[in-house]
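Colleague: take this sequence and fold it.
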Amino acid sequence: MSDLPASSFLVEVSPGAGIDGELIEGDVLVADEKRITEYGDLVLACDEYDEMRAYRSHRIGGYLRLVPMGGGHAVPASALDCVGVVVRRARNPANDFEPEEIADTTLADAFAPWFSVSTWNTSSPADARRFHECCHDYMQSSGGQVRAGAFVETLRKAISQRCGGSWDDYCERALQSRAQCAEAICAYLHDTHQITR
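Modeller: Next comes the predicted model:
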C-alpha cells in the first residue's frame, strides 16, 4: 500500500451488494479522490440520498455518464458527487464462491463498450481505439494477466449472446486477432510497470 498516493482511501462493499456480480459483499476498494474520471473507470459517487455507490463510467460524445453497478439508469457524471476512482480491488477468498465465473463476467463487462458496437469486428480506427481503452481500463482495474485462449472463450460467448447466437468465421478471425493483441498489450503494460495494481 506504500505506493498509493495520500489521496487514496478504502471502502468496503456493504452486505446489500449481494454475492453475484463484479462487486460483492466484503470486497475492499481502494479509491483515489484526486484521479480524474475517464472512460471505463469504476467510480464511487454519492447519490441524491448521500449514499456512496459504485458506477461504471461511459463516454457519450463529450460527456461522461455513470451507470450504476447494481443496475439502473445512467446519469450524467455532473449530477452526482464523485468522490473517487477505484484503482485497486481486493476480495476475501472466502467470498469467492465462483471465481472463474466472476472473472469471466468482469472480462466481458470490461470489454462490452467495444463489442457492443456493431463494427467491433472491423479494423476501423474508432473500434481499435475503443478496444485499446478497454484493454487499458481492464488491466488497470483487475491487474490480472490476459491469456488469448481464455479471452477468446469468454468474449465469444458474450458477443454471440449479444448477437442472438450468430457467429461466423469472420467474427472468429477478428476475435482471435484482438485476443492476441490484448495479450501483447497486457504483457507490455506489466513489463513496463504501467499497471498500478
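Colleague: flag the shaky bits of the protein, pLDDT-wise.
Modeller: For the chain, applying pLDDT under 70 flags the ranges 1-3, 16-21, 91-105, 143-145, 165, 191, 193, 195-197.
Colleague: for it, what spans make up the strands?
Modeller: 8-12, 28-32, 42-46, 52-60, 63-68, 75-76, 81-90 (DSSP state E).
Colleague: what's the most buried one of those strands?
Modeller: Highest mean neighbour count among the strands of the chain (mean count of other Cβ atoms under 10 Å): strand 42-46, with a mean of 21. For the C-beta atoms, the positions are set from N, CA and C on the backbone; glycine is no exception.
Colleague: domains in this protein, by residue range?
Modeller: 8-90, 98-191 (automatic domain parsing).
Colleague: closest to Arg173 out of the strands of the chain?
Modeller: Of all the strands of the chain, strand 52-60 sits nearest to Arg173, with 27.9 Å by Cβ to Cβ.
Colleague: chain center to that closest one, what's the gap?
Modeller: 10 Å (Cα atoms, centre = their mean, to the nearest Å).
Colleague: who does it pair up with?
Modeller: Its sheet considered, strand 52-60 pairs with strand 42-46 (antiparallel), strand 63-68 (antiparallel) by DSSP bridges.
Colleague: tell me what angle it forms with strand 8-12.
Modeller: Going by axes from the mean of the first three to the mean of the last three Cα atoms, to 10 degrees, strand 52-60 is angled at 110 degrees with respect to strand 8-12.
Colleague: returning to that earlier point: could I get the strands of the chain as JSON lines with distance to Ser124?
Modeller: Shown next, in JSON lines, are those (distance: least, Cβ to Cβ, whole Å):
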{"stretch": "strand 8-12", "distance to Ser124": "37"}
{"stretch": "strand 28-32", "distance to Ser124": "33"}
{"stretch": "strand 42-46", "distance to Ser124": "27"}
{"stretch": "strand 52-60", "distance to Ser124": "17"}
{"stretch": "strand 63-68", "distance to Ser124": "22"}
{"stretch": "strand 75-76", "distance to Ser124": "28"}
{"stretch": "strand 81-90", "distance to Ser124": "29"}
